[in-house]
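J.: Give me a model of this one.
(4 chains)
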Protein chains: 2
Amino acid sequence: MARIAGSSGPKTEEAIRRAGLQLLYTHGYAAMSLRQLAGAVGIQQGSLYNYFRNKQEFLFELIRSHMRDLHAALDAALLPEGNGVARLTRFVEFHVAYHIERPQEVFICYSELRSLEPENFSAIVAMRRDYEDKLIEILEFGRATGEFRLADTRMAAYAILAMLSGICTWYRPGGRLSKDEVRETFLGMVLSLVSGVGMEESLPEPPRLAEVSRSGARRR
Amino acid sequence: MARIAGSSGPKTEEAIRRAGLQLLYTHGYAAMSLRQLAGAVGIQQGSLYNYFRNKQEFLFELIRSHMRDLHAALDAALLPEGNGVARLTRFVEFHVAYHIERPQEVFICYSELRSLEPENFSAIVAMRRDYEDKLIEILEFGRATGEFRLADTRMAAYAILAMLSGICTWYRPGGRLSKDEVRETFLGMVLSLVSGVGMEESLPEPPRLAEVSRSGARRR
DNA sequence: GTCTATACGGCGATAGAC
DNA sequence: GTCTATCGCCGTATAGAC
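T.: Numbers count the residues shown, from 1 in each chain, chains lettered A, B, ... in the order given. All right, here's what the predicted structure looks like:
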């Protein structure tokens, strides 16, 4: 933890990022002091201001860079090919893997939205909305092909995201379950959920296939 | 908001509780100051200490009393009768209704666990565990009767709880969806999830019925 | 039970030497 | 880029009068 005075630069930046992640995860934004952060990095508190203008900017940049990573990774994982099950499978496998790999960032992105000032808040919520929309698009595609039976696409998307994102609140590496088991089990539950078995009575008429053949197009 | 000096008692206690709920919900424990709380109630900050010994105790009592309410309400709603679907339906309808009725308390109970000191934390987590166990018991019952097909009961319970509890992060009274629609839609999704359609390959053998006929018994 | 006043410490942020 | 020093503010909690 200690540190040679006069040492330097981009290593410090990365160290601040990592320590900040840890502190935000365990204590939260409001309860994390910059003195703590500096202490964890091994520098003096005033030196932090070489890396950000204020505490709020630090949080915002951390969240925003994570959201960018998330989007880039999702775009790489998704392909607008195959049937609804194939597309949903890719989404779920990506989402679960990402949440297992980076639980801290993910958790912070959900829990610290409230700590963002209004402008920053809006920016992040818009990014999150884009992410949700990608899932909704897949669900509507699968609904149009008749693979999925869903009473309400948006609620289904919220349900799926909540259930998958919940993983990072209890999954612990080295615990009872391997990553693969978690991923496969949750994939199975999601596919089962969208199959709509046991709720046929209350479903609205599925849309005609012709109406949604432009389903590769941007929605929004 | 203003208030006549010298006025009194149990009305203040209730006012503090309500204002505290609101502030904890919107700002979080660490970011909520007792000055804010007193201001919202319309008393001076020092007067708060007639109602609790310190800020931590205030949070703990708020959470604990809510958890007690939750348990009592669940016990009233559940009956150890009927098949797995009937039991699960009662659980889900109760859980959704409760989360829609009291989203603030529910949200706080999830998000502010981290703000509890170790002893208090343990007490609340134990209560939450009891709640989870009641769902797990229902899932195991339905699995034993052959109604439910689940690769892993505990993961299914976590998935269901996360997806239902997520409701209180987006549901707004007066929005697009009525309480009844939300309740019925989520019930449908849960029942569909536990039906296990689309994941038959990877399932373990279901337990024999005889082995679990003591399923009304306490587990733990 | 409420008020006023205050103790005491930690907070974010800045200034200036090296 | 880092350090030391410091400013002004706000936090929780307490004491004592009414």
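
J.: can we go C-alpha only for contacts and neighbour counts from here?
T.: Will do.

J.: now the strand or helix carrying residue A:18, how far from the chain's geometric center?
T.: According to DSSP states H and E, residue A:18 maps onto helix A:10-27. Centroid separation for helix A:10-27 versus its chain: 19 Å, with Cα atoms, centre = their mean, to the nearest Å.

J.: okay, that helix in PDB with CA atoms only?
T.: Written as PDB, here are the backbone C-alpha positions of helix A:10-27 (Å, rounded to 0.1, in the frame of the first residue of the first chain):
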ATOM      1  CA  PRO A  10      -0.700   6.400 -15.600                       C
ATOM      2  CA  LYS A  11      -0.100   3.600 -13.100                       C
ATOM      3  CA  THR A  12      -1.600   5.900 -10.500                       C
ATOM      4  CA  GLU A  13      -4.600   6.600 -12.800                       C
ATOM      5  CA  GLU A  14      -5.300   2.900 -13.000                       C
ATOM      6  CA  ALA A  15      -4.800   2.400  -9.300                       C
ATOM      7  CA  ILE A  16      -7.300   5.100  -8.500                       C
ATOM      8  CA  ARG A  17      -9.800   3.500 -10.900                       C
ATOM      9  CA  ARG A  18      -9.400   0.100  -9.300                       C
ATOM     10  CA  ALA A  19      -9.500   1.400  -5.700                       C
ATOM     11  CA  GLY A  20     -12.500   3.600  -6.500                       C
ATOM     12  CA  LEU A  21     -14.300   0.700  -8.000                       C
ATOM     13  CA  GLN A  22     -13.800  -1.300  -4.800                       C
ATOM     14  CA  LEU A  23     -14.800   1.500  -2.500                       C
ATOM     15  CA  LEU A  24     -17.800   2.400  -4.500                       C
ATOM     16  CA  TYR A  25     -18.900  -1.200  -4.500                       C
ATOM     17  CA  THR A  26     -18.500  -1.700  -0.800                       C
ATOM     18  CA  HIS A  27     -19.400   1.600   0.700                       C
END
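
J.: Report the contact partners of the residue positioned nearest the centre of chain A.
T.: Most central in chain A under Cα atoms, centre = their mean is residue A:106, positioned 5.2 Å from the mean C-alpha point. Counting by Cα atoms under 8 Å, 6 or more residues apart in numbering or on different chains, residue A:106 makes contact with A:99, A:168.

J.: Residue A:112 too?
T.: A:28-29.

J.: Please report how far it lies from DNA strand D.
T.: Residue A:112 sits 18 Å away from DNA strand D, going by Cα to the nearest atom of the strand, to the nearest Å.

J.: What are the contacting residues of the helix or strand in which residue A:156 is found?
T.: Using DSSP H and E, residue A:156 sits within helix A:153-165. Under the contact criterion Cα under 8 Å, 6+ apart, helix A:153-165 has outside partners A:92, A:95-96, A:99, A:132, A:135-136, A:139-140, A:150, A:186, A:190, A:194, B:158-164, B:166-167, B:185, B:189.

J.: Please see if whichever helix or strand residue A:129 is part of touches DNA strand C.
T.: Assigned by DSSP H and E, residue A:129 belongs to helix A:118-144. No - Helix A:118-144 does not reach DNA strand C (Cα under 7 Å from any atom of the strand); its nearest approach is 14.5 Å.

J.: what separates stretch A:121-135 from the chain centre, distance-wise?
T.: Worked out by Cα atoms, centre = their mean, stretch A:121-135 lies 10 Å from the chain centre.

J.: Using PDB, list the CA coordinates for it.
T.: In PDB, the C-alpha atoms belonging to stretch A:121-135 read as follows (Å, rounded to 0.1, in the frame of the first residue of the first chain):
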ATOM      1  CA  PHE A 121     -27.900  11.000 -14.700                       C
ATOM      2  CA  SER A 122     -29.700  11.700 -18.000                       C
ATOM      3  CA  ALA A 123     -26.700  10.700 -20.000                       C
ATOM      4  CA  ILE A 124     -26.400   7.400 -18.300                       C
ATOM      5  CA  VAL A 125     -30.000   6.600 -18.300                       C
ATOM      6  CA  ALA A 126     -30.100   7.100 -22.000                       C
ATOM      7  CA  MET A 127     -27.300   4.600 -22.500                       C
ATOM      8  CA  ARG A 128     -29.100   2.100 -20.300                       C
ATOM      9  CA  ARG A 129     -32.200   2.600 -22.300                       C
ATOM     10  CA  ASP A 130     -30.400   1.800 -25.500                       C
ATOM     11  CA  TYR A 131     -29.300  -1.400 -23.900                       C
ATOM     12  CA  GLU A 132     -32.800  -2.400 -22.800                       C
ATOM     13  CA  ASP A 133     -34.000  -1.600 -26.300                       C
ATOM     14  CA  LYS A 134     -31.700  -4.100 -27.800                       C
ATOM     15  CA  LEU A 135     -33.300  -6.800 -25.700                       C
END
